[in-house]
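> quick one, what's the 3D model for this:
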Amino acid sequence: MKRLRKPAPAGKRRRRHAPRTAGTPTRAGRAAEVSKGASRGVAEPIVQHLGIVIRWARLRSFNLIADTAGVQLDRSGIVILTTLHRLGPLRLSDLADDIGLDRSTISRQVAAVVRAGYVERAVDEIDARALLLTLTARGQAIRHKLATAWHDIVVGLLTEWPEQDIAELGRLLSRLTAQFQLREDADI
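Alright, predicted model coming up:
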């Protein structure tokens, strides 16, 4: 089993905030920089619509994805399978850090996907005291069904859109996600 990245030592969080130096802008400073490029009035529809998309994704998308895939799996199970697929085998603490939950909460959720046969625990080859969580073949198959369902849902939403609009949306979302990533990297 090949690991994609080295997990953080047990008990340590993987992400750390970088120390602020004299030239590093504060959050308020970064917000002021943003307002230079986009006035509140022009950005307001984007703020509102992103809020709607985020709320829908958080509250409704997981059930729709599971139903479309024909899989009985709750939101936490979907997030665990997706994260393990994206990052490879992880320690429980690293999975909890990536998902943004505490260890006691994630351990109950992991136990459910282990019981379902989607995830297995294996001894870490680097540190025999630690266990790594990894997708089973069954878990990979379920994750693939979920990914296919998500793809079909998004494509279904765009069926009436002209191809040029779809391409433009893809380009702009790519640019926006790059900005989110830059912000996340700056906050580490």
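
> element containing residue 122?
Here residue 122 is covered by strand 119-123, with elements defined by DSSP states H and E.

> I misspoke; the intended subject was residue 132.
Residue 132 is part of strand 131-135, with elements assigned from DSSP H and E.

> what residues of stretch 181-188 count as buried?
By 16 or more other Cβ atoms under 10 Å, stretch 181-188 has no buried positions at all. The way it works is simple: take the backbone N, C-alpha and C, and place the C-beta from them, glycine included.

> dump that stretch to PDB, restricted to CA.
Presented in PDB, the C-alpha positions along stretch 181-188 are these (Å, rounded to 0.1, in the frame of the first residue of the first chain):
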ATOM      1  CA  GLN A 181      -6.700  27.900  -2.200                       C
ATOM      2  CA  LEU A 182      -4.400  30.900  -2.000                       C
ATOM      3  CA  ARG A 183      -6.400  32.200   1.000                       C
ATOM      4  CA  GLU A 184      -6.200  28.700   2.700                       C
ATOM      5  CA  ASP A 185      -2.500  28.400   2.000                       C
ATOM      6  CA  ALA A 186      -1.900  31.900   3.500                       C
ATOM      7  CA  ASP A 187      -3.800  31.000   6.600                       C
ATOM      8  CA  ILE A 188      -1.800  27.800   7.200                       C
END
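
> how far does that stretch sit from its chain's centre?
Put simply, stretch 181-188 sits 15 Å off its chain's centre (Cα atoms, centre = their mean, to the nearest Å).

> cool, and stretch 99-115?
15 Å.

> ok, stretch 40-57 next?
Distance of stretch 40-57 from the chain centroid (Cα atoms, centre = their mean) equals 19 Å.

> against residue 94, how distant is residue 106?
With distances taken as Cβ to Cβ, to the nearest Å, residue 106 is found 10 Å from residue 94.

> let me fix that, I meant to ask about residue 43.
Taken as Cβ to Cβ, the span from residue 43 to residue 94 is 35 Å.

> so for the two, which sits in the more crowded spot?
More crowded of residue 43 and residue 94, by other Cβ atoms under 10 Å: residue 94, with 23 against 14.

> hang on, that one in a strand?
No. Going by DSSP: H, G, I helix; E, B strand; the rest coil, the assignment for residue 94 is helix, not a strand.

> pLDDT score for it?
With respect to pLDDT, residue 94 has a value of 93.

> could you do residue 109 as well?
In this model, residue 109 is scored at 94, pLDDT.

> give me the neighbour count for it.
Other residues close to residue 109 by other Cβ under 10 Å number 19.

> correct me, but it touches residue 77?
Yes. Between residue 109 and residue 77 there is a contact at 7.0 Å, judged by Cβ atoms under 8 Å.
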